[in-house]
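In: fold the following and give me the result.
(2 chains)
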Protein chains: 2
Amino acid sequence: MNPVETYLEQHRERHLAELFEFLRIPSISTLADHKPDMERAAHWLADYLQRVGMDRAEVMPTAGHPLVYAEWLGAGAHAPTLLVYGHYDVQPVDPLAEWLSPPFEPTVRGDDLVARGTSDDKGQIYAVAAAAEAHLQGSGRLPINLKLLFEGEEEITSPSLAPFVEGHRQLLAADAVMICDQAMLGPQLPLISYGLRGLVYMEVEVRGPAQDLHSGTFGGVVDNPFNVLVCVLAQLTDPASHRVMIPGFYDRVRPLSDEERGLLSRLPVSDEQLRLLAGVPALAGEKGYTAIERSCARPTLDIHGMPGGFTAAGKKTVIPARAGAKVSMRLVPDQDPDDIVKLFEAYVRSLVPRTVELEVRTRGTARPVIVDLHGPAIQAAAEAYRLGMGFSPAFQRGGGTVPIVRDFQDLLGVPIVMIGFGLPDDNNHAPNEKLNLTCFYKGVETLIHYYALFAGTRKGK
Amino acid sequence: MNPVETYLEQHRERHLAELFEFLRIPSISTLADHKPDMERAAHWLADYLQRVGMDRAEVMPTAGHPLVYAEWLGAGAHAPTLLVYGHYDVQPVDPLAEWLSPPFEPTVRGDDLVARGTSDDKGQIYAVAAAAEAHLQGSGRLPINLKLLFEGEEEITSPSLAPFVEGHRQLLAADAVMICDQAMLGPQLPLISYGLRGLVYMEVEVRGPAQDLHSGTFGGVVDNPFNVLVCVLAQLTDPASHRVMIPGFYDRVRPLSDEERGLLSRLPVSDEQLRLLAGVPALAGEKGYTAIERSCARPTLDIHGMPGGFTAAGKKTVIPARAGAKVSMRLVPDQDPDDIVKLFEAYVRSLVPRTVELEVRTRGTARPVIVDLHGPAIQAAAEAYRLGMGFSPAFQRGGGTVPIVRDFQDLLGVPIVMIGFGLPDDNNHAPNEKLNLTCFYKGVETLIHYYALFAGTRKGK
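Out: Below is the predicted model:
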């Protein structure tokens, strides 16, 4: 073993204990009550990075939750510079009752570490930092110039990050951006993503009576906002074809090429595996596309929840004053979120009768992205996976959304490398989120290799 | 003034103070946390009835919340016996933020008394009791034999009351049943109802994934339970005709006769008044029927709330494991709730794809009722209104549901008299429920007259 590997081996237990500390901070970005926890998480991270030898590590305020920026530029002007992005914020934890252990008390169950944020994304950014620590503490230096940028608003569509990147192009200048925020296809199937879906998150509210009414007195006399809203929502997707019915929605969708369909068809993920993973009686989706194609290369529309009215246990016979819905659409290249917002609102408005009032709110947008498979930064990642995980990676588009990817691509003009050490059943955004510990440790090793391999990419640039 | 009226006049302030005490007990029958409050409210009522001179007043346990029964039988075997029914339980108070004063802190605002339960029904049963007190304390006796039965489960469809009535036919034997639980058409427009709608309250739950999934990973691959559920619910009613689309739903609906349509058309309630009362941009409902007809003589279907998924502030992109809906249908003669439950469930099952699982739960049923307008007990009520309120009553069917009415009719075999002193804008089941104080005091006077007039009904029986 070289000194870096030896160092890593000797500090495994301390690394796990430190990750526990980080996970215990409930950094839920979408809930205002957790604002102080966001600050605590950011400072914990900056303190850690300073302590392990980064030249500079600081908490940088934004209009929302702070960013953490760190750098080590000791490799010199001739060495390449890598910018690594991740996020320290996490999703809410409801339904809390379904967690088998408290979401912010990390619990080892078999080879899994269970807690909110383990896989998405605190566990993964801790791996990024620990790999840097191993180089810095094990051999006294990194083989490349390394910049780290961890944000606290990824789960709320990153409102502050794009302005920050735009305003700090010099600070963030790099030869590639690596994003470590995804799942592999399996413990022996690492993955490099070359695309991500975009997102439009909308809220629709139908307002009827000035206040809740008794359905005995007014039932049959006025339109019930929920009765109206379900009719509107039912017309957003066609239950038979599973296509989104918003006029113009598919106009700018880039068709899948035969080459790409071939690439996706060779991914070793069966429909039955997906079905078992989801725990559904049967898969469902847009006709004419495979499940893998639908999961990453086709747009969707999902209803996430319908606030309003009476939802507690028991019976209450009200005609609610308001009925709401949270609806998001995953977008693919070359759909434009701003166009989709307009098409959505116009269509919804056309479906609502004059007996009620309608409010449509845009809660977040993110553009879809597709990146070049063939650059040296991505090829180095493939080699790092072979060395660190022991397996060659597959390549696919990701179905999720990391809003900043497209911004990095556009603003910094460099290749994007999307990797990660999660697994498909990590329960991201759901109860009992976990990270497999073997994947975590091999992930740190993969990153150690990547930093070394990246040193050789400049000549290929 | 006679001694009864004098007594009433002298005790107005004390009566109001006592009603405040009663209203302060948060007797919400549907919420388990309020079980002790149900006991407190029942005992408060029984203690009051004992104190003011009823021969017997006791809290009688049931499988659910207790009943309060009281009687004064001193008028003798030749005098008629009246059974008065009401309820001391109230609806939940959410949305709490919309109350202008705390729901269980009675507040006088102008001529209104604002608190949960003022109009529905604690204020009204207090009036029933206070009128008995005025006779007993003012003249030493009542002109009739009086039995009072107040339940604590009206807002949860009275599961214990029908078995109680069935098991206590002798105890409850009477010449008529009076129910004091409704609104007048206006301060100068008293009302006697000759019908009530029934109710079927259902919960529908669509279950998809074994647990909440990330819509980035699984969007497009599995059916989202909310997307499925809105399509099912949208097929329950036709937004154009506003008719319920459950096959067979209207088969047993008794058509409105020309005579009855004439009677309802003469009610002095305009569509514009109803629209303003509801606070909606425009009324809406079943084609071919007036708003008044729709409000009481036609069946309806209302969605009350849709539990499940993510409904808090902020964004969360889950495909929820479960999506639910609380749906109730108001029924009219001669629809049978058990038939409707079966038709509803069969239809909903027919609409759900095999990609999800469905659970349909029946949460409560109540039969519709129609009663004879022309009996002496009802005619005496019309005269009592003229004397107590100063105006002749209108006659209409009620749109709401008092489940026990049909049970009294069937089990005791006597005429039913449905009156009340609320107003249409009392906000029953909604924030800022109130009772007009002038209506309340005149209501007590009306009841004092009714007890006297009822003494003359036996000869007409």
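In: OK, contacts around A:Val360?
Out: Residues near A:Val360 by Cβ atoms under 8 Å, 6 or more residues apart in numbering or on different chains: A:202-205, A:344-345, A:348-349. Any C-beta I mention is one placed from the backbone N, CA and C, and that applies to glycine too.
In: which one of those sits closest to A:His43?
Out: Taking Cβ to Cβ as the measure, A:His43 lies nearest A:Glu203 of the contacts of A:Val360, at 32.7 Å.
In: what about the nearest residue to A:Pro431 once chain neighbours are set aside, neighbour count?
Out: Take A:Pro431 and drop its neighbours on the chain: the residue closest to it by Cβ to Cβ, 6 or more residues apart in numbering or on different chains is A:Glu98, 3.9 Å away. Residues near A:Glu98, counting by other Cβ atoms under 10 Å in any protein chain shown, number 14.
In: then A:Glu259?
Out: 8.
In: can you tell me the SS state at it?
Out: For A:Glu259, the assignment made with DSSP: H, G, I helix; E, B strand; the rest coil gives helix.
In: re earlier: any chance of a PyMOL selection covering the buried ones in the contacts of A:Val360?
Out: Applied in PyMOL, the following selects the buried portion of the contacts of A:Val360 according to 16 or more other Cβ atoms under 10 Å in any protein chain shown:
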select buried, chain A and resi 202+203+204+205+344+345+348
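In: tell me the one among the contacts of A:Val360 nearest to chain B.
Out: A:Glu203 (9.0 Å; Cβ to the nearest Cβ).
In: that closest one contacts A:Lys326, correct?
Out: Yes. The pair A:Glu203 / A:Lys326 is scored as a contact, 5.7 Å apart, by Cβ atoms under 8 Å.
In: helix/strand/coil for A:Gln124?
Out: Per three-state DSSP, A:Gln124 ends up helix.
In: any idea how far it is from chain B?
Out: To chain B, A:Gln124 is 15 Å away according to Cβ to the nearest Cβ, to the nearest Å.
In: how many neighbours does that residue have?
Out: 27.
In: next up, the contacts around it.
Out: A:86, A:180-181, A:420-422, A:435, A:443.
In: pick out the most distant pair among those.
Out: A:Gly86 and A:Leu435, at 13.4 Å, using Cβ to Cβ across those.
In: higher neighbour count, those two?
Out: A:Leu435 (31 against 26).
In: avg pLDDT for whatever helix or strand the more buried one lives in?
Out: Using DSSP states H and E, A:Leu435 maps to strand A:434-436. For strand A:434-436, the mean pLDDT works out to 98.
In: direction included, what does it pair up with?
Out: Applying DSSP bridges, strand A:434-436 is found paired with strand A:112-114 (antiparallel).
In: residues from the stretch 351-461 of chain A in reach of chain B?
Out: Within the stretch 351-461 of chain A, the residues that sit near chain B (Cβ under 8 Å from any Cβ of the partner chain) are A:353-357, A:363-364, A:398-401, A:424, A:427-432.
In: can you tell me the closest non-neighbouring residue to A:Thr107?
Out: A:Ser101 is the one closest to A:Thr107 (Cβ to Cβ, 6+ apart), at 4.0 Å.
In: how many residues are close by the nearest residue to A:Ile319 once chain neighbours are set aside?
Out: Excluding its sequence neighbours, the residue lying closest to A:Ile319 (Cβ to Cβ, 6+ apart) is A:Leu213, at 4.3 Å. The burial count assigned to A:Leu213 is 28, neighbours taken as other Cβ under 10 Å.
In: quick check: phi and psi at A:Leu213.
Out: The phi/psi pair for A:Leu213 (degrees, to the nearest 10) reads phi -120, psi 160.
In: tell me the pLDDT of A:Leu264.
Out: Looking at A:Leu264, the pLDDT reads 86.
In: repeat that for the one 4 residues further on.
Out: pLDDT, the model's per-residue confidence, is 84 for A:Pro268.
In: going along the chain, name the helices of the stretch 301-450 of chain A.
Out: A:337-351, A:376-388, A:403-412, A:437-454 (DSSP state H, counting those that start in this stretch).
In: next, format the ones you listed as CSV and append distance to B:Leu49.
Out: Output for the helices of the stretch 301-450 of chain A, formatted as CSV (distance: least, Cβ to Cβ, whole Å):
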stretch, distance to B:Leu49
helix A:337-351, 55
helix A:376-388, 81
helix A:403-412, 67
helix A:437-454, 69
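In: which of those has the lowest average pLDDT?
Out: helix A:403-412 (a mean of 85).
In: name the residues that touch that helix?
Out: With Cβ under 8 Å, 6+ apart, helix A:403-412 has contacts from A:83, A:85, A:151, A:154, A:157-158, A:161-162, A:165-166, A:169, A:172-174, A:177, A:179, A:196, A:198-199, A:366-369, A:371, A:414, A:416, A:418.
In: among these, which ones are buried?
Out: A:83, A:85, A:151, A:154, A:157-158, A:161-162, A:165, A:172, A:174, A:177, A:179, A:196, A:198-199, A:366-369, A:371, A:414, A:416, A:418.
In: for the residue nearest to A:Pro431, give me the pLDDT.
Out: For A:Glu98, pLDDT reads 94.
In: you'd agree it is up against A:Asn427?
Out: No. Between A:Glu98 and A:Asn427 there is no contact under Cβ under 8 Å: 9.9 Å.
In: now do the shared contacts for these two.
Out: Common neighbours of A:Glu98 and A:Asn427 (Cβ under 8 Å, 6+ apart) are B:Gln211.
In: domain assignment for chain A?
Out: Taking automatic domain parsing as the reference, chain A has its domains at A:3-196+A:368-460, A:198-253+A:299-365.
In: those domains into a markdown table, with extra columns for distance to B:Asp33?
Out: Shown next, in a markdown table, are the domains of chain A (distance: least, Cβ to Cβ, whole Å):
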| stretch | distance to B:Asp33 |
| --- | --- |
| domain A:3-196+A:368-460 | 17 |
| domain A:198-253+A:299-365 | 11 |
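In: quick one: closest of those domains to B:Phe226.
Out: Nearest of the domains of chain A (Cβ to Cβ): domain A:198-253+A:299-365, 3.7 Å.
In: what sits against the residue of chain A most remote from its centre?
Out: Ranking residues of chain A by C-alpha distance from their mean position (Cα atoms, centre = their mean) puts A:Thr217 at the top, at 47.4 Å. Contacts here follow Cβ under 8 Å, 6+ apart; on that basis A:Thr217 touches B:183, B:295, B:399-400, B:424, B:428.
In: ok, A:Leu149 next?
Out: By Cβ under 8 Å, 6+ apart, A:Leu149 lies in contact with A:67-69, A:83-86, A:172.
In: roughly how far does it sit from A:Glu71?
Out: Using Cβ to Cβ, to the nearest Å, A:Leu149 is found at 9 Å from A:Glu71.
In: circling back: for the contacts of A:Thr217, work out which two are farthest apart.
Out: Comparing every pair within these by Cβ to Cβ identifies B:Ser295 and B:Asn428 as the most remote, at 14.0 Å.
In: and stretch A:9-19, what's buried?
Out: Using 16+ other Cβ under 10 Å as the test for burial, stretch A:9-19 gives A:11, A:15-16, A:18-19.
In: who in the stretch 51-200 of chain A is up against chain B?
Out: Residues of the stretch 51-200 of chain A lying near chain B (Cβ under 8 Å from any Cβ): A:91-92, A:94-95, A:98, A:155-157, A:183, A:197, A:199.
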